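Engineer: Below: sequence and its predicted model.
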Amino acid sequence: MTGVACFRSMGCDVLVAGASAAELARIEAPFARRDATFSRFVAGSELNRVNAAAGSFVSVSPLFAAALETALSMAELTGGLVDPTVGAAIVAAGYDRDFALLCDDPRAALAPALATWRSVTLRGDLVRVPSHVQLDLNGVVKSMAVDAAVALIAGGGWVSAGGDLAATAPVDVALPGGGAVRLEHGGLATSGSVRRRWRRGGREQHHLIDPATGRPSESPWTQVTVSGRTCLDADVAAKAGFLLGAEGPGWLTERAMPARLLAGRGETLTPAWREAVTACI
Amino acid sequence: MRGLLGVVATTDCMTGSRIDAARRRAALAKAGLGVAAGVTFLVGLGLVRGTVASHAKARPQPLAAPNSFRRALRQANVAPGAIAPAPAPPQTSTATS
């Protein structure tokens, strides 16, 4: 396997191992395209165009339609926990600019904007979101990009975007809070509230919105790490496990997902995780 | 008498040929009616199959989920990945991004 290459996209470092120079160039391009398409902070992005047209049908690119279709499927799968219509709620919590530019804001958070993925209409390349709804597809786009990227590495390798991994060859991965695990193949992702935090109106805010309240989740978990068949599976399961709070381990266990949930100084392992890697923790 | 017999014979011949002709016409008419009935039946059957909502308009296909549903179903099921104890120092890390 060749060395590890790095570039920046989607607000995080993207690491690529095992790719040739030509493959690396092919991997960078779709990341850049997705960044330009789905960023809330790129003026003229397709996401912003769709949100600006809320209330009426708008034609979208196949890339956008595929991401939205996946996001809606994941919302249905998780009972609406991983919901692509939390865009307005994230803005209401204060995350209204690139995270690097975010600073504490003494003003109170805006009233939460409640929305549901069921209100979104997708018919082929036509999308309509209700006038009060704003889409945020970052919940699935980054992991989809990681999965697409690793598929471009012919000889086996791995891709990591801000800690969300997909691998077609074994890779040893450090875990939050200590320990390590070998990802043989598939995806590994962590969701939590320890990073991307800010203060608004004197209260801690973070980017994982509970769709039931429209406010940042008050989950007891700080970080949830899950291994999935793909990075998308892992990422969605990690978010769902986090947002479900005390019910998260049960939800993950029902789906036989290897998962590790951190809360304060303690950790909870699902049976699938324990059986696979207890020896290394 | 011979003359009378001749007339009767001639009349018999004429009657026989008219009866034969009538039989041929009747047979032709029967065949025509049969063909017309068959054609009417087939045309009617075609119209019914083509216009009545409860009749199949194409060859029935075995029941199967459409591809779009299969794709959605694949996407709508998270599945576990393959992990194992790490035998070497980590090459990368996973964390909240």
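Structural biologist: Cool, got the structure. Numbering: from 1, shown residues only, chains lettered A, B, ... in the order given.

Engineer: Enumerate every residue touching the residue nearest to A:Ser56 when sequence neighbours are not counted.
Structural biologist: Nearest residue to A:Ser56, sequence neighbours excluded (CB to CB, 6 or more residues apart in numbering or on different chains): A:Arg128, at 6.5 Å. Quick note: C-beta positions are derived from backbone N, CA and C, even for glycine. By CB atoms under 8 Å, 6 or more residues apart in numbering or on different chains, the contact list for A:Arg128 reads A:Gly55, A:Ser56, A:Phe57, A:Val58, A:Val120, A:Thr121.

Engineer: Next: A:Asp104.
Structural biologist: Applying CB under 8 Å, 6+ apart, the residues contacting A:Asp104 are A:Trp198, A:Arg199, A:Arg200.

Engineer: now swap in A:Gly264 and tell me
Structural biologist: Applying CB under 8 Å, 6+ apart, the residues contacting A:Gly264 are A:Thr222.

Engineer: buried ones in stretch A:21-28?
Structural biologist: A:Glu23, A:Leu24, A:Ile27, A:Glu28 (16 or more other CB atoms under 10 Å in any protein chain shown).

Engineer: mean confidence score for that stretch?
Structural biologist: Per-residue pLDDT values across stretch A:21-28 average out to 94.

Engineer: At which residues are the helices of chain A located?
Structural biologist: A:21-38, A:46-52, A:62-77, A:87-92, A:138-150, A:231-243, A:248-254, A:271-277 (DSSP state H).

Engineer: oh sorry, the question was meant for chain B
Structural biologist: B:2-51, B:67-75.

Engineer: picking that back up, just the buried residues of stretch A:21-28 that are near chain B?
Structural biologist: Among these, proximity to chain B is found for none (CB under 8 Å from any CB of the partner chain).

Engineer: How much space separates the residue lying closest to A:Asp233 once chain neighbours are set aside from A:Ser73?
Structural biologist: Nearest residue to A:Asp233 in three dimensions, chain neighbours excluded: B:Val78, at 4.2 Å (CB to CB, 6+ apart). Per CB to CB, to the nearest Å, B:Val78 is found 11 Å from A:Ser73.

Engineer: Those two: which is more packed in?
Structural biologist: B:Val78 (24 against 20; other CB atoms under 10 Å in any protein chain shown).

Engineer: pretty sure A:Thr270 contacts A:Glu254?
Structural biologist: No: counting by CB atoms under 8 Å, A:Glu254 is not a contact partner of A:Thr270; they are 9.6 Å apart.

Engineer: In terms of neighbours, single out the busier of these two.
Structural biologist: A:Thr270 (25 against 9).

Engineer: OK, contacts around the more buried one?
Structural biologist: A:Pro249, A:Leu252, A:Thr253, A:Met257, A:Pro258, A:Ala259, A:Arg260.

Engineer: Check A:Ala174 too.
Structural biologist: Per CB under 8 Å, 6+ apart, neighbours of A:Ala174: A:Ala180, B:Pro90, B:Thr92, B:Ser93, B:Thr94.

Engineer: Check A:Gly3 too.
Structural biologist: Contacts of A:Gly3 by CB under 8 Å, 6+ apart are A:Ala17.

Engineer: Give me the helix or strand of the chain that scores worst on average pLDDT.
Structural biologist: I'll assume chain A. The least trusted helix or strand in chain A, going by mean pLDDT, DSSP states H and E, turns out to be strand A:197-200, with a mean of 75.

Engineer: ah, no, chain B please
Structural biologist: For chain B, judged by mean pLDDT, DSSP H and E, that is helix B:67-75, with a mean of 61.

Engineer: Each with direction, which strands does the longest strand seen in chain B pair with?
Structural biologist: Looking across chain B with DSSP state E, the single longest strand is strand B:82-85. Taking DSSP bridges as the criterion, strand B:82-85 forms sheet pairs with strand A:180-192 (antiparallel).

Engineer: how far does the strand it pairs with sit from the chain's center?
Structural biologist: 14 Å (CA atoms, centre = their mean, to the nearest Å).

Engineer: Could you do stretch A:125-142 as well?
Structural biologist: The answer for stretch A:125-142 is 14 Å, by CA atoms, centre = their mean.

Engineer: what's the answer for stretch A:230-244, then?
Structural biologist: 8 Å.

Engineer: Pull the number of nearby residues for residue 51.
Structural biologist: With no chain named, the answer covers chain A. Residues near A:Asn51, counting by other CB under 10 Å: 18.

Engineer: right idea, wrong chain: chain B
Structural biologist: 9.

Engineer: Model confidence at it, what's the number?
Structural biologist: At B:Thr51, pLDDT is 80.

Engineer: Any of the contacts of A:Arg128 buried? List them.
Structural biologist: Buried, going by 16+ other CB under 10 Å: A:Val58, A:Val120, out of the contacts of A:Arg128.

Engineer: Among the contacts of A:Arg128, name the ones in strands.
Structural biologist: Short answer: the contacts of A:Arg128 in strands (DSSP E) are A:Val58, A:Thr121.

Engineer: out of the contacts of A:Arg128, which one sits closest to A:Gly187?
Structural biologist: A:Gly187 lies nearest to A:Val120 out of these, by CB to CB, at 25.4 Å.

Engineer: ok, for that closest one, nearest residue in space, not its chain neighbours?
Structural biologist: A:Val129 (5.3 Å).

Engineer: quick one: that neighbour from A:Ala54, how far?
Structural biologist: 5 Å.

Engineer: Neighbour count: these two, which is higher?
Structural biologist: A:Val129 (26 against 18).

Engineer: Could you pull up the residues touching that one?
Structural biologist: A:Val50, A:Asn51, A:Ala54, A:Gly55, A:Thr85, A:Ser119, A:Val120, A:Thr121, A:Leu135.

Engineer: and the fifth one, how many neighbours?
Structural biologist: Read that as A:Thr85. 27.
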